[in-house]
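J.: Have a look at this prediction, sequence included:
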Amino acid sequence: MASDFGVASGFSRKTDAAAAKGTAAFLFSCFLAQPVSTDRLCMCARAFARFLGTFVLLLTLGGVAGCKEEGAVKGVKVTSMTFNGLQAVKPNQLKAVLATNASSKLPWGEKLYFSRDQFEADLKRIVAFYHDRGYPDARVSSFDVKLSDDQRSVAITLNISEGQPLVAERIELEGFDVLPPQRRARLDRTLPLKPGQPLDRALILASREAALDELKNHGYPYGAVRLEESPGAAERQRVVTISAEPGQLTRHGALEIQGNSSVSDRVIRRQVTFRQGDVFSQSKLLDSQRNLYALEVFQFANVQTVREEGEKPAEIPTRITVTEGKHRKVNFSLGYGSEERARVEGDWRHVNFFGGARTAGVHARYSRLDRGVRLNFLQPYFFSRNFSFGLQGQYWHNDEPEFVMNNTGGRATITREFGRTRRSGLGGRPTTTLAFTYANEWEDYTVSEETLADPTTWDDLIALGIDPRTGSGRGRRSSISLDGGRNTTNNILDARRGYVAALHLEQAGTWLGGDFDYWEINGELRHYLTITNRLVLAVRARGGSINAIGVTTPEHLTVPFYKLYFLGGATNLRGWGRFEVSPLSEGGSPVGGQTFANFSAEVRVPIWKNLSGVLFADAGNVWSNAWDFNVNDLRYDIGPGLRYNTPVGPFRIDFGYQLNPIPGLLIDGKPEERHFRVHFSIGQAF
């Protein structure tokens with residue numbers, strides 16, 4: 001059915017079944033038998049009289065809806081919703097505001113049905129949608145509602161004429177000279193509405209809010225901002241003026257705290273980012289509230305100004321209201337994976353240990369790959385609210401394919417947080433940290449029997465301080481390290497946009513009282529991008545190198561065996577098993593290397609609710625010498641996978657196929673013949 005959209009008809013629905021059946025038959029006979037055209041419409045209109053044309057058109061649409069409205073059995077399913085003429089917006093943007101949409105193509109997906117009332121309202125919504133985005137001449141020029149042969153489904157095509165937009169010739173700011181010069185210049189650069197863009201109402205209002213926030217964050221909470229549009233140099237151009245009336249300069253007043261019992265006022269005050277007499281800042285109220293929640297001591301925390309309606313004091317008092325939660329917290333989790341098998345974890349924490357919002361706790365874990373107990377202590381306020389101090393002691397056992405290790409010792413860490421007051425343009429509130437750690441741990445490790453059974457590995461083992469007769473090595477690792485990280489994702493276990501970056505620099509040395517002497521540097525970068533509001537592209541790059549310094553005698557242990565790099569497994573090269581990709585000895589056994597690189601990319605496609613399909617590709621390798629990257633001999637794998645999001649993290653299944661197998665590789669002393677791997681796990685990201 002094709003028609004110019006005209007006035008809406010006010011006819012009532014027919015409740016008689018025979019009338020509904022006749023209306024549907026009319027739609028089928030007049031409009032389904034041949035392609036819809038303006039001439040066809042005119043022929044029907046002349047048959048009923050020219051002035052009844054619009055009435056007949058809407059009555060026909062009413063017949064289609066009648067099949068749905070007068071009986072669920074005869075509901076007319078919407079099979080497709082197609083838009084022609086879109087240039088300024090994407091189809092998904094338009095579909096998001098419409099009530100009429102296409103049913104899912106999957107058998108178990110949601111089925112959507114045609115409704116005349118909803119469709120009529122959608123035609124008006126489209127026009128309003130474009131008007132709000134700066135296209136005042138946009139209209140639905142015609143539409144086609146094509147009923148199927150069995151009269152049970154319908155395909156809808158909408159032809160849209162967007163017209164020419166009104167664009168912003170320039171944006172002028174007036175009255176903002178009270179802001180610091182750098183903030184005034186930044187506001188001009190970062191306004192959502194840019195010159196040359198259509199006059200999108202959402203961008204205009206967002207620009208107004210951004211300007212008002214700048215005033216409130218720099219001492220002018222009573223300020224007002226007005227928007228004005230005036231003609232530009234051309235007919236379709238407009239000059240947008242954002243005018244400010246700052247009002248009086250205001251400062252923070254007295255601070256009142258209520259609701260706390262075991263947590264002292266001093267602990268609460270030190271989380272507040274402003275002091276009495278400071279220039280007022282609305283954002284500091286929100287930052288203080290976030291800081292209080294971050295302590296985990298409070299079940300509720302609210303930071304708000306206190307003033308009577310209509311009052312505009314020069315100093316605004318602030319009231320902090322808190323409700324303390326339980327100080328003792330217990331967490332317990334279960335998981336399973338193809339590599340670690342069953343995983344059990346639990347931790348107990350006291351979040352107000354000896355007062356001061358300190359945290360002390362015990363963490364225990366058991367799995368096939370690792371198990372042990374860690375004792376933790378955290379002082380959240382270490383000379384400043386931005387610094388924290390942590391202590392950790394542990395006994396941990398690792399059971400990897402290439403070695404078994406026991407680790408006993410402890411470490412102390414000072415952490416600095418940055419940028420808690422700024423919001424990421426990628427969707428999340430970014431977290432940036434820098435941590436300095438001193439570790440003093442005793443390591444006792446034994447290499448695998450398969451490695452010892454290969455005599456060609458013995459020289460390498462001796463160089464690493466391992467007795468080739470027993471395969472054991474031991475020593476004290478005393479080191480200092482620096483770790484930096486930044487995370488702009490909303491949820492690292494199900495990230496859809498943003499990035500994660502991490503860098504680790506470590507130096508272990510005899511000058512610290514240890515037995516090992518090496519430098520290590522490694523880093524990781526992940527990036528997540530949402531495409532067409534459905535697909536998610538996730539990419540990751542990792543790399544690192546470890547190098548001995550000052551090696552003079554065989555007795556001087558340098559790099560411990562367990563620090564050498566291996567790849568393969570569920571989290572990197574998914575076409576190989578865990579620890580299978582590394583330099584090979586002459587006998588074909590993996591022996592570990594001092595340099596590695598690993599790249600992964602996957603496209604995640606929603607299938608149904610929390611279930612997604614994945615296509616991935618991995619690349620990477622390990623090299624014997626320090627800083628010996630060689631991208632010409634990377635190992636590659638590809639494959640499909642499934643993801644199902646659960647409250648404890650994603651359930652993952654990946655099938656990885658090797659594109660270039662490793663010649664001569666031995667697995668458990670036998671040549672590798674299987675060039676694929678299946679990995680599955682619960683609760684692991686990427």
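T.: Cool, got the structure.
J.: Report the spatially closest residue to Phe566, excluding sequence-adjacent ones.
T.: Phe579 (4.1 Å; CB to CB, 6 or more residues apart in numbering). Placement of C-beta: from N, CA and C, glycine included.
J.: Leu573 versus that neighbour, what's the distance?
T.: 11 Å (CB to CB, to the nearest Å).
J.: Among the two, which residue is more densely surrounded?
T.: Leu573 (29 against 19; other CB atoms under 10 Å).
J.: can I assume that one sits in a strand?
T.: No: applying DSSP: H, G, I helix; E, B strand; the rest coil, one finds Leu573 to be coil, outside a strand.
J.: what's it in contact with, if anything?
T.: Contacts for Leu573 (CB atoms under 8 Å, 6 or more residues apart in numbering) come out as Leu567, Val581, Asn598, Asp618, Ala619, Gly620, Arg635, Asp637, Gly656.
J.: Is the last one bridged to anything, and to what?
T.: On the basis of DSSP bridges, Gly656 takes part in beta bridges with Arg677.
J.: I figured it was touching Gly639, is that so?
T.: Yes: counting by CB atoms under 8 Å, Gly639 is a contact partner of Gly656 at 4.4 Å.
J.: Find residues that contact each of the two.
T.: Contact criterion CB under 8 Å, 6+ apart; residues shared by Gly656 and Gly639: Arg574, Gly575, Phe616, Phe676.
J.: For those residues, which two are the farthest from each other?
T.: Greatest spatial distance in the shared contacts of Gly656 and Gly639: Phe616 and Phe676, 13.3 Å, computed using CB to CB.
J.: okay, these two: which has more neighbours?
T.: Comparing Phe616 with Phe676 by other CB under 10 Å, the one with more neighbours is Phe616, at 20 against 14.
J.: Now name the helix or strand holding that one.
T.: Element membership for Phe616 (DSSP states H and E) is strand 611-623.
J.: List the buried residues in that strand.
T.: By 16 or more other CB atoms under 10 Å, the buried positions in strand 611-623 come out as Ser612, Val614, Phe616, Ala617, Asp618, Ala619, Gly620, Asn621, Val622, Trp623.
J.: who does it touch, helix- and strand-wise?
T.: Other helices and strands packing on strand 611-623, by 3 or more CB pairs under 8 Å, 6 or more residues apart in numbering; DSSP states H and E, are strand 595-608, strand 635-646, strand 649-658.
J.: out of the ones you listed, which comes closest to Ser264?
T.: Nearest of those (CB to CB): strand 649-658, 36.9 Å.
J.: Now do the helix or strand just after that closest one, average pLDDT.
T.: Downstream of strand 649-658, the first helix or strand assigned by DSSP H and E is strand 666-667. Averaged across strand 666-667, pLDDT comes to 88.
J.: now do stretch 467-476
T.: 90.
J.: Helices of the stretch 151-300 of the chain, residue ranges please.
T.: Using DSSP state H, counting those that start in this stretch, the helices of the stretch 151-300 of the chain run over residues 181-190, 201-216, 265-269, 282-294.
J.: quick revisit: can I get the helices and strands packed on strand 611-623 in JSON lines with mean neighbour count and mean pLDDT?
T.: What follows is those, written out as JSON lines (neighbours: other CB atoms under 10 Å; pLDDT from 0 to 100):
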{"stretch": "strand 595-608", "mean neighbour count": "19", "mean pLDDT": "94"}
{"stretch": "strand 635-646", "mean neighbour count": "18", "mean pLDDT": "94"}
{"stretch": "strand 649-658", "mean neighbour count": "20", "mean pLDDT": "92"}
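J.: Ser261 contacts Glu324, correct?
T.: Yes: counting by CB under 8 Å, Ser261 touches Glu324, with 6.0 Å between them.
J.: neighbour-wise, which of the two wins?
T.: For Ser261 versus Glu324, neighbours defined as other CB under 10 Å are more numerous around Glu324 (17 against 8).
J.: Name whatever forms a beta bridge with that one.
T.: Beta bridges link Glu324 to Phe298, judged by DSSP bridges.
J.: tell me the contacts of it?
T.: Glu324 touches Gly259, Asn260, Ser261, Ser262, Val263, Val297, Phe298, Gln299, counting by CB under 8 Å, 6+ apart.
J.: Could you find the lowest-pLDDT member of the buried residues of strand 611-623?
T.: Ser612 (93).
J.: Does that residue have any beta-bridge partners, and if so which?
T.: Pro606, Arg643.
J.: For the spatially most central residue of the chain, which non-adjacent residue is spatially closest?
T.: Centroid-nearest residue in the chain, with CA atoms, centre = their mean: Ala495, separated by 2.7 Å. Spatial nearest neighbour of Ala495, chain neighbours left out: Thr489 (3.9 Å); criterion: CB to CB, 6+ apart.
J.: Look up how far Asn610 lies from that neighbour.
T.: From Thr489 to Asn610 the distance is 18 Å (CB to CB).
J.: Test my guess that Asn630 contacts Trp623.
T.: Yes: judged on CB under 8 Å, Asn630 makes contact with Trp623 at a distance of 6.1 Å.
J.: For the stretch 151-300 of the chain, give me the ranges with low pLDDT.
T.: Counting by pLDDT under 70, not a single residue of the stretch 151-300 of the chain qualifies.
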